[in-house]
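Peer 1: only geometry, no sequence info:
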C-alpha cells in the first residue's frame with residue numbers, strides 16, 4: 001500500500017470514529033494546562049487529574065505559583081513521577097512567566113521552549129490545545145503508533161523526525177486532532193506491551209511493525 005493511501009485510510013478512520021478530541025488533562029486556563037502537561041511527563045493523565053485540583057486551588061495562576069517555594073509545591077505533587085524536579089520546574093516556570101510575559105503563557109514556540117521544564121512536546125501541546133495552532137506533539141504513544149501503522153519509517157527514529165514526517169503527510173487542518181487520535185489509539189488500543197489487535201478497527205491495514213516502534 002502506498003504511503004499516501006495508508007495515511008488517507010488511517011485519517012479517514014479517525015475522522016469518523018473520533019471527530020472531536022482533546023487532551024484528557026483537566027485544566028481551567030492556559031497556565032493550568034501548561035502546569036498539567038509538565039507534570040504529565042512519564043506519568044498518567046489520570047494521576048495528574050487527581051493531583052491538580054488541590055494544586056490549582058492553591059496556585060491558580062503564575063503569580064501565586066511564582067511566590068511559592070519549591071518545597072511548598074512539592075507537597076501537592078509528591079505522588080507524581082520525579083516530584084522534586086517537577087516542583088522546581090513549576091516554580092521557575094511561573095517566575096519566568098511573571099518576569100518575561102506578565103504572567104501569561106506565550107504561543108510562540110521559542111518563547112515556550114525558553115521556559116524551565118518546557119520541551120518541544122510540551123510546547124506543541126500548548127500551541128495546539130490552547131492556541132489552536134497546527135502543531136503535533138510526539139509522545140511515546142504517538143511515536144509507537146506512527147511506527148506500527150507504517151506512517152513513518154525506521155529511519156525516523158526520534159520524536160522530532162516523527163513529528164516532521166507526520167506533518168508532511170497530514171493535512172494542516174487535521175494536525176491538532178491527529179496528535180490526540182494517535183495518542184488515544186496508543187493509550188487504549190495499540191498499547192506498548194500487548195497491543196489489542198483483535199479490538200483494532202485498523203487491524204486489516206496495519207503492517208504491525210512492532211520492532212523498533214518503542215521510544216527508548
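Peer 2: Received it, and whenever you're ready, just let me know what you need. Since we're looking at a predicted model, the values are computed, not measured. Numbers count the residues shown, from 1 in each chain.
Peer 1: CA atoms for contacts and neighbours, from now on please.
Peer 2: Fine.
Peer 1: count of residues packed around the closest residue to residue 207 other than its chain neighbours?
Peer 2: In space, residue 207 comes closest to residue 149 once its chain neighbours are excluded; the distance is 6.1 Å by C-alpha to C-alpha, 6 or more residues apart in numbering. Using other C-alpha atoms under 10 Å, residue 149 has 22 other residues around it.
Peer 1: distance of residue 149 from residue 114?
Peer 2: 34 Å (C-alpha to C-alpha, to the nearest Å).
Peer 1: residues in contact with the residue nearest to residue 207?
Peer 2: Residues near residue 149 by C-alpha atoms under 8 Å, 6 or more residues apart in numbering: 206-209.
Peer 1: neighbours around residue 155, how many?
Peer 2: Residues near residue 155, counting by other C-alpha under 10 Å, number 8.
Peer 1: Domain parsing of the chain, as residue ranges.
Peer 2: Using the TED database, the domain ranges for the chain come out as 30-131, 136-209.
Peer 1: what's the closest of the ones you listed to residue 3?
Peer 2: For the domains of the chain, the distance to residue 3 is smallest for domain 136-209, at 7.0 Å, taking C-alpha to C-alpha.
Peer 1: Just the mean pLDDT for that closest one, thanks.
Peer 2: Averaging pLDDT along domain 136-209 gives 94.
Peer 1: centre of the chain versus that domain, how much separation?
Peer 2: In terms of C-alpha atoms, centre = their mean, to the nearest Å, the centre of domain 136-209 is set 13 Å apart from its chain centre.
Peer 1: neighbouring contacts of whatever helix or strand residue 49 lives in?
Peer 2: Using DSSP states H and E, residue 49 falls within helix 45-58. With C-alpha under 8 Å, 6+ apart as the test, helix 45-58 has contacts from 24-26, 32, 36, 39-40, 64, 73, 76-77, 79-80.
Peer 1: Now do the contacts for residue 31.
Peer 2: 61-62, 104-105.
Peer 1: Could you do residue 182 as well?
Peer 2: Contacts for residue 182 (C-alpha under 8 Å, 6+ apart) come out as 141-142, 145-146.
Peer 1: go on, residue 156?
Peer 2: Residues near residue 156 by C-alpha under 8 Å, 6+ apart: 162, 165.
Peer 1: buried set for stretch 128-136?
Peer 2: In terms of neighbour count (16 or more other C-alpha atoms under 10 Å), stretch 128-136 has its buried residues at 128-130, 133-136.
Peer 1: Stretch 105-114 now?
Peer 2: With burial defined by 16+ other C-alpha under 10 Å, the residues of stretch 105-114 counted as buried are 105-107, 112-113.
Peer 1: Tell me the one of those residues nearest residue 91?
Peer 2: Nearest to residue 91 among those is residue 105, at 14.1 Å by C-alpha to C-alpha.
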